[in-house]
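Asker: heads up, no residue letters with this:
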């Protein structure tokens, strides 16, 4: 297990280095000159030269890359070209919002998706399966932005059950914080719940037709133990994979939901940085996103061996 862990860590570091190179070169390939955007109305050659010298825009690509990597290794991601604010402080204020929103959305999606998938597999060919499949298809078909707007219109404006926008930090007021995030997390989790439901149903149907399930039933185990302890546990490999990948995607992809509910999260920071050609912020955002994907995939691989001991035995062999 230790050898497997060290090997995965080495692969993760190599992947992170390659992702850093791709991010750095990709940002430099964006159209437009950031010096012109920074200069504003004052675009005389002297001002442009001073701006390029201040931010190192005239240095070679290798020099700029080395400076970026060496500073990032020390936790210094530079300063925003537009605001002059530390990029690390900008990320530290935006990232917790998106992480909390993503965690709540994953919780909602797993709760609804796994439950509906198990019911659809156990009640195959019955109205319960038809209803679960219809809801999954609806969740995949309805865009999040339309669902969010309808939720604001009816649940916030008409009924006043939830705030229409805004964010309250958790440590300032935990109850108010959750009250503001209930609606966005429900909207963000519906589409993911549909995906989890369909994958759980498919995996559960395969598990329920396996020989060990018939053996457990022949031994007289109650249906709840057969489904929960044997069938569901062996079906969670696919579900864990989907949840891990989607959690990384939510950290960087909750842009529309954050825009609709006016949440000061990672998505808003990313969009603003791209439109303003803020190189340091774009690099930091993509680097954090790539790191999140790598760490989550590493944790998912380790979780496989906890869910299914056969993977741990094969790894040791």
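Answerer: Here it is on my side, so go on. Here the structure is a predicted model, which is why all the values come from computation and not from measurement.

Asker: which stretches of this protein have low pLDDT?
Answerer: 1, 4, 30-34, 37-43, 55, 248-249, 251-253, 305, 307-317 (pLDDT under 70).

Asker: so how far is residue 222 from the residue nearest to residue 212 when sequence neighbours are not counted?
Answerer: Leaving aside its sequence neighbours, residue 212 sits nearest to residue 230 (C-beta to C-beta, 6 or more residues apart in numbering; 6.5 Å). For every residue, glycine as well, the C-beta is placed using N, CA and C. Distance from residue 230 to residue 222, counting by C-beta to C-beta, to the nearest Å: 12 Å.

Asker: likewise residue 287?
Answerer: 50 Å.

Asker: picking that back up, for residue 230 and residue 222, indicate the residue with more neighbours.
Answerer: More neighbours surround residue 230 than the other of residue 230 and residue 222, with 19 against 11 (other C-beta atoms under 10 Å).

Asker: so how far is residue 204 from the residue nearest to residue 212?
Answerer: 11 Å.

Asker: and what of residue 23?
Answerer: 39 Å.

Asker: comparing the two, which residue is more hemmed in?
Answerer: residue 204 (26 against 19).

Asker: part of a helix, is the more buried one?
Answerer: Yes - per DSSP: H, G, I helix; E, B strand; the rest coil, residue 204 lies within a helix segment.

Asker: right, and it touches residue 121 too?
Answerer: Yes - between residue 204 and residue 121 there is a contact under C-beta atoms under 8 Å: 3.5 Å.

Asker: and the contacts of the strand or helix carrying residue 250?
Answerer: For residue 250, the host element (DSSP states H and E) is helix 233-253. Contacts to helix 233-253, defined as C-beta atoms under 8 Å, 6 or more residues apart in numbering, come from residues 95, 98-99, 101-103, 105-106, 109-110, 113-114, 188, 192, 195-196, 199-200, 202-204, 206-207, 210, 266-267, 270, 285, 289, 292-293, 296-297, 299-300, 303-304, 307-308.

Asker: the strand or helix carrying residue 301 to helix 233-253, inter-axis angle?
Answerer: Per DSSP H and E, residue 301 falls inside helix 279-307. Computed with axes from the mean of the first three to the mean of the last three C-alpha atoms, to 10 degrees, the direction of helix 279-307 lies at 170 degrees from that of helix 233-253.

Asker: helix 279-307: which residues count as buried?
Answerer: 279-294, 296-298, 300-301, 303-305, 307 (16 or more other C-beta atoms under 10 Å).

Asker: that concludes my questions; thank you for your assistance.
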